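*Asks:* Let me see the structure of the following:
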Amino acid sequence: MNDEIDVIVVGSGFTGLMTGAHLREAGVPGVRLVDKAGGFGGVWYWNRYPGIRCDVDALSYMPLLEEVGTLPSEKYAQGNEIREHCRALAQRYGLDEAACLQTQVTGMRWDEGTERWIVTTDRGDRMRARFVCLGSGALDNPTLPDVPGLDEFEGRVFHSSRWDYDYTGGNERGGLDKLTDKRVAVVGTAASGIPFIPHLGEHAQQVLVVQRTPPVVLPRGNQPLDPNWYQSLPSGWQRERMENRTAVMQSPPGQQPPTRDLIDDAVTGVGRRMRALAAELTGVPQNADPGTRKLMANYALMEQVRADMAAVVDDPRTAESVKPYYSFGCKSPSSVTHIGRRTTGPT
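*Replies:* Coordinates of the predicted model:
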């Protein structure tokens with residue numbers, strides 16, 4: 001392609017889609033998304049591992065739901081639903097018509113003579129644009145650990161964001177029936193590992209989990225969304241929900257948080273628990289600075305979290321290994337839909 005357009009947006013994930021949608025709403029006709037992926041969604045395009053879903057309330061996480069008209073089936077949307085919403089969002093704002101997918105930008109140069117950006121790609125394109133917006137993100141390049149001997153390993157190695165269902169069988173909902181005679185090692189227990197490790201445990205002969213730092217794991221409390229309730233929401237409901245979530249979790253010092261928590265899940269409940277613990281602190285002077293009181297309340301909260309997590313693990317050694325020893329918020333917390341007791345501990 002060798003043409004001119006108003007704006008080129010590098011990336012077709014949430015940043016690219018939101019940028020494109022707001023540009024269209026502002027009356028900018030020429031908007032082109034460029035992405036090396038074959039579809040829209042960014043990390044939600046690439047990540048399709050078993051059990052993938054968002055652990056944030058879908059009604060406040062998925063952008064422009066009200067404008068597009070998407071109804072997530074559950075409070076915490078599955079990956080394929082988020083991917084489909086991204087595609088619908090692109091269609092709603094006509095961003096799919098001019099998009100260059102499976103295309104990687106190789107250069108951007110400002111031409112003083114024409115006052116345009118010259119954007120080149122790996123497909124030989126030389127496009128001109130008045131503006132360039134970067135929404136390429138930082139989570140699209142999987143990295144395998146540099147472990148000595150890995151290049152000599154004769155088994156199958158892949159990153160979770162490039163899941164190989166031809167090898168494992170099954171799909172995003174599980175059913176990894178080709179692993180029944182396989183021993184599987186998983187490196188990492190963060191936001192991706194937590195959803196797919198149970199599916200490996202259900203089907204593989206043996207699963208070895210290698211963990212550096214235990215994550216905070218909270219009960220998700222997932223539930224279906226009622227279409228009738230969803231249709232009854234007044235105009236502007238999503239902005240209200242997003243602002244409420246932020247205020248509940250991050251009320252500035254001295255400002256009272258909202259009395260109503262529209263999300264009402266384990267994560268937003270952390271704020272309420274912290275405030276209650278701060279009020280109940282003993283052994284801390286009343287004139288202690290707010291930072292000290294908050295730190296002590298955080299420690300008390302984490303003691304509760306550690307106890308809750310260990311309570312569902314029967315093996316004492318394993319129970320101790322899953323306890324996270326750091327302040328809440330130091331690492332992003334994760335959540336699970338179902339918590340069952342574990343009677344035998346992994347190495």
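*Asks:* ok, now how distant is Trp44 from Tyr93?
*Replies:* Separation of Trp44 from Tyr93 (CB to CB, to the nearest Å) stands at 18 Å. C-betas here are computed from N, CA, C, even on glycine.
*Asks:* the more surrounded of these two?
*Replies:* Trp44 (24 against 21; other CB atoms under 10 Å).
*Asks:* Which strand or helix spans that one?
*Replies:* helix 43-46 (DSSP states H and E).
*Asks:* For the helix or strand just after that helix, C-alpha coordinates in PDB please.
*Replies:* Sequence order places helix 58-61 as the next helix or strand after helix 43-46, per DSSP H and E. Taking C-alpha atoms only, helix 58-61 is exported to PDB below (Å, rounded to 0.1, in the frame of the first residue of the first chain):
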ATOM      1  CA  ALA A  58     -16.200  -7.900  32.800                       C
ATOM      2  CA  LEU A  59     -18.700  -5.100  32.900                       C
ATOM      3  CA  SER A  60     -16.000  -2.700  34.000                       C
ATOM      4  CA  TYR A  61     -13.100  -4.300  32.100                       C
END
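*Asks:* Please name every helix or strand in contact with helix 58-61.
*Replies:* Judged by 3 or more CB pairs under 8 Å, 6 or more residues apart in numbering; DSSP states H and E, helix 58-61 is in contact with helix 237-249.
*Asks:* Next secondary structure after the helix it packs on?
*Replies:* Criterion used, DSSP H and E; the element after helix 237-249 is helix 268-280.
*Asks:* For the lengthiest helix in the chain, which residues meet the burial criterion?
*Replies:* The longest helix of the chain (DSSP state H) is helix 290-310. Residues of helix 290-310 classed as buried: 293-294, 296-298, 300-302, 305-306, 309-310 (neighbour count, 16 or more other CB atoms under 10 Å).
*Asks:* Buried residues of the following helix or strand past that helix, list them for me.
*Replies:* Heading C-terminal from helix 290-310, the first helix or strand you meet, by DSSP H and E, is helix 316-321. By 16+ other CB under 10 Å, the buried positions in helix 316-321 come out as 318-319, 321.
*Asks:* Please identify the next secondary structure element, helix or strand, after helix 316-321.
*Replies:* Beyond helix 316-321 on the C-terminal side, the first helix or strand identified by DSSP H and E is strand 334-336.
*Asks:* who does that next one touch, helix- and strand-wise?
*Replies:* Going by 3+ CB pairs under 8 Å, 6+ apart, strand 334-336 lies up against helix 193-203, strand 217-219.
*Asks:* Could you rerun that using 6 Å?
*Replies:* Packing partners of strand 334-336 (3 or more CB pairs under 6 Å, 6 or more residues apart in numbering; DSSP states H and E): strand 217-219.
*Asks:* Which strands or helices does the strand it packs on pack on?
*Replies:* Secondary elements touching strand 217-219 (3+ CB pairs under 6 Å, 6+ apart): strand 334-336.
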